[in-house]
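Peer 1: kindly generate the corresponding structure for this input.
(one chain, ligands or ions: 2)
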Amino acid sequence: MRLLRQTLFLFATLSALVSATSAASYEDLIVYTANQEWLSRIYLLRLDGSVYDYQEFEFYRWCDVEIIDNELYAAEAYAPRVYRIDIETWELELVVDDWTLYYFYDLAFDGEHLYVEEWDYNRYLLDGTKVGAASYDGTVYGSAWNGEYLWNVGEDGVAHCWDVSGWPDMIELAENVITLPSTACRGLWFDGEHFWTAEATDGALGYIYKFDQQGQVVEQWREPAYIGWAAGLIEADYRCGDCDDNGSINIADAVVLVAYIFAGGTPPTPLEVGDVNCDTLIDVSDVVYLVSYIFAGGPPPCATCG
Ligand SMILES: [Ca+2]
Ligand SMILES: [Ca+2]
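Peer 2: Ligands and ions are numbered 1, 2, ... in the order given. From the prediction side, this is the model:
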């Protein structure tokens, strides 16, 4: 107990010296694109379906999305372009700009190549270099890679499955067809376990669907605006124990925690990162746990969380 008091005193002293930096953290967020003529919006929704943020883009038409290393990429159909989009600043970075084509509706990523269908199925590297095209018939409204095959949404309300291992040959695996949750689905994204899509209903709010590989809806959310095109999920960018939200875990985080618990200081950002021992409370036992991790090789923050 004496050691603990000394430790707390040390932290209280340090807390006067260390000023916490604060970058904005976000929780798990659903990304959703919607288009109305020349206006397009990208929404960020919390998992309860409420709107966290959105950005309006004039003269853009955001269609299918892809999430690579937890960063948002989207196909833009008013030009044959793919952008990387910073969801905190809404800055756009051009990734693919192929003026031999007219529009991009769909987007998939197999770990190396982006896939976009227009006229043919086109492949690009992440630096924008085109690496071949495969002949394809039909309009594609969304594409996704599930780790093995290329999947796409056509005009027929189903998701088709393609073996592209012999690229540029595309072999359809008809036995894998998935009936989509709605005949108006647009966009397709795979989160490692489930597919995601949105519903394009003009003048009425459709749904964002998360569904399994048999087509069963696992979860759905009412769209915040119409006309929907695509949906995906960006994972929370905070780390348990990173109480000052600077990306690393060290004594400064313990200082923030101590100052919050004992001196009414600024709370951890977001609050739950302070519950490092996962007992749903934020109290002195979290400080002890965090200190033990930093200085004594104890278990890492949230090691025991379910
Ligand atoms: Ca930190
Ligand atoms: Ca706790």
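Peer 1: any buried residues in stretch 299-306, and which?
Peer 2: The neighbour-count criterion (16 or more other Cβ atoms under 10 Å) identifies 301-302 as the buried residues of stretch 299-306. C-beta here means a position set from N, CA and C on the backbone, and glycine is covered the same way.
Peer 1: which outside residues touch that stretch?
Peer 2: 239-241, 249, 273, 275-278, 289-290, 292-293 (Cβ atoms under 8 Å, 6 or more residues apart in numbering).
Peer 1: filter those residues down to the ones in helices?
Peer 2: Those of the contacts of stretch 299-306 mapping onto helices are 289-290, 292-293, per DSSP state H.
Peer 1: just the buried members of those?
Peer 2: Buried among those (16+ other Cβ under 10 Å): 289-290, 293.
Peer 1: quick one, strands of the stretch 1-150 of the chain?
Peer 2: 29-36, 39-45, 51-58, 62-68, 71-76, 81-85, 92-97, 108-109, 114-118, 120-124, 130-135, 142-145, 150-153 (DSSP state E, counting those that start in this stretch).
Peer 1: hmm, who's touching the third one?
Peer 2: Right, the one you point to is strand 51-58. Outside of strand 51-58, the residues within contact range by Cβ under 8 Å, 6+ apart are 26-27, 29, 38-46, 87, 90, 224-225.
Peer 1: let's go with 7 Å and repeat that
Peer 2: The set of residues external to strand 51-58 that reach it, using Cβ atoms under 7 Å, 6 or more residues apart in numbering, is 29, 38-46, 90, 224.
Peer 1: picking up where we left off before, which of the buried ones among the ones in helices among the contacts of stretch 299-306 lies closest to residue 148?
Peer 2: residue 293 (38.5 Å; Cβ to Cβ).
Peer 1: need the contact list for the closest one.
Peer 2: 299-301.
Peer 1: and if we set it to 10 Å?
Peer 2: 241, 249, 253-254, 276, 299-301, 303 (Cβ atoms under 10 Å, 6 or more residues apart in numbering).
Peer 1: kindly report the same for residue 192.
Peer 2: By Cβ under 10 Å, 6+ apart, the contact set of residue 192 is 146-147, 233.
Peer 1: near ligand 1, which residues of this protein?
Peer 2: Proximity of the chain to ligand 1 (Cβ under 5 Å from the ion) is limited to residues 242, 244, 246, 253.
Peer 1: SS state for residue 254?
Peer 2: What DSSP: H, G, I helix; E, B strand; the rest coil gives for residue 254 is helix.
Peer 1: pretty sure it contacts residue 242?
Peer 2: No: applying Cβ atoms under 10 Å as the test, residue 254 and residue 242 come out as separate, 11.2 Å apart.
Peer 1: more crowded one of the two?
Peer 2: Per other Cβ atoms under 10 Å, whichever of residue 254 and residue 242 has more neighbours is residue 254, with 30 against 23.
Peer 1: tell me which residues touch the residue lying closest to the more buried one once chain neighbours are set aside, please.
Peer 2: Once flanking residues are discounted, residue 254 sits nearest to residue 290: 5.0 Å by Cβ to Cβ, 6 or more residues apart in numbering. The contact partners of residue 290, taken as Cβ under 10 Å, 6+ apart, are 240-241, 243, 249-251, 253-254, 256-258, 274, 276-277, 298, 300-301.
Peer 1: can you turn the buried part of those into a PyMOL selection?
Peer 2: Per 16+ other Cβ under 10 Å, the buried members of the contacts of residue 290 correspond to this PyMOL selection:
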select buried, resi 240+241+243+249+253+254+256+257+258+274+276+277+301
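Peer 1: ok, so of the buried ones among the ones in helices among the contacts of stretch 299-306, who is nearest residue 170?
Peer 2: residue 293 (50.0 Å).
Peer 1: pLDDT at the closest one, what is it?
Peer 2: Residue 293 is assigned a pLDDT of 96 by the prediction.
Peer 1: same deal with residue 23?
Peer 2: With respect to pLDDT, residue 23 scores 47.
Peer 1: for residue 9, same thing?
Peer 2: On the pLDDT scale, residue 9 gets 58.
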